[in-house]
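Please find the sequence and the predicted model below.
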Amino acid sequence: MATKKVGSAGRFGARYGAKIRKAVANVEKLQKAKQACPVCRTGNVKRVAKGIYVCRKCRSKITGKAYTLQ
Ligand SMILES: [Zn+2]
């Protein structure tokens with residue numbers, strides 16, 4: 001369940017502590033955000049693995065950081 005304080009990391013309940021859950025929520029927010037493809041300039045890039053992104057439109061495979069493209 002998404003919460004106000006820790007967003008999507010609310011699924012971990014009261015465990016692990018607020019600080020680490022806030023960090024998790026931040027990473028998940030970055031993963032969920034639409035990222036523009038540097039090849040065709042559309043926001044159709046999906047993260048398929050750590051640092052690997054695929055554009056759904058032009059099928060380009062793009063490397064980036066673990067959780068975000070830039
Ligand atoms: Zn593209």
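Alright, I've got the coordinates.

how about the helices in this protein?
Taking DSSP state H as the test, the helices found in the chain are 18-32.

What residue spans form the domains of it?
Using automatic domain parsing, the domain parsing of the chain gives 1-32, 34-70.

May I see the ones you listed organised as CSV, with mean pLDDT and mean neighbour count added?
(C-beta placed from N, C-alpha, C; glycine too.) Below are these laid out as CSV (pLDDT from 0 to 100; neighbours: other C-beta atoms under 10 Å):
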stretch, mean pLDDT, mean neighbour count
domain 1-32, 88, 14
domain 34-70, 86, 14
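
Please dump those domains into CSV; it should also carry distance to the ion for every row.
Output for those, formatted as CSV (distance: least, C-beta to the ion, whole Å):
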stretch, distance to the ion
domain 1-32, 18
domain 34-70, 3
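
need the strands for the protein, in chain order.
45-49, 52-55, 61-63 (DSSP state E).

Adding distance to Glu28, write those strands out as CSV.
Putting those into CSV (distance: least, C-beta to C-beta, whole Å) gives the following:
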stretch, distance to Glu28
strand 45-49, 11
strand 52-55, 16
strand 61-63, 20
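
In contact with the residue nearest the centre of the chain, which residues are there?
Closest residue to the average C-alpha location of the chain: Gln31 at 0.5 Å, with C-alpha atoms, centre = their mean. Shown in contact with Gln31 (C-beta atoms under 8 Å, 6 or more residues apart in numbering): 47, 67-68.

Now with 10 Å, please.
8, 46-47, 66-68 (C-beta atoms under 10 Å, 6 or more residues apart in numbering).

same deal with Lys22?
Shown in contact with Lys22 (C-beta under 10 Å, 6+ apart): 5-7, 9.

please redo it, this time with the cut-off set to 7 Å
When contacts are counted by C-beta atoms under 7 Å, 6 or more residues apart in numbering, Lys22 is found next to Val6.

Just the terminal-to-terminal distance for stretch 34-49.
Stretch 34-49 has an end-to-end distance of 16 Å (C-alpha to C-alpha, to the nearest Å).

what residues does that stretch touch?
For stretch 34-49, using C-beta under 7 Å, 6+ apart, the contacting residues are 31, 53-58, 60, 62, 68-69.
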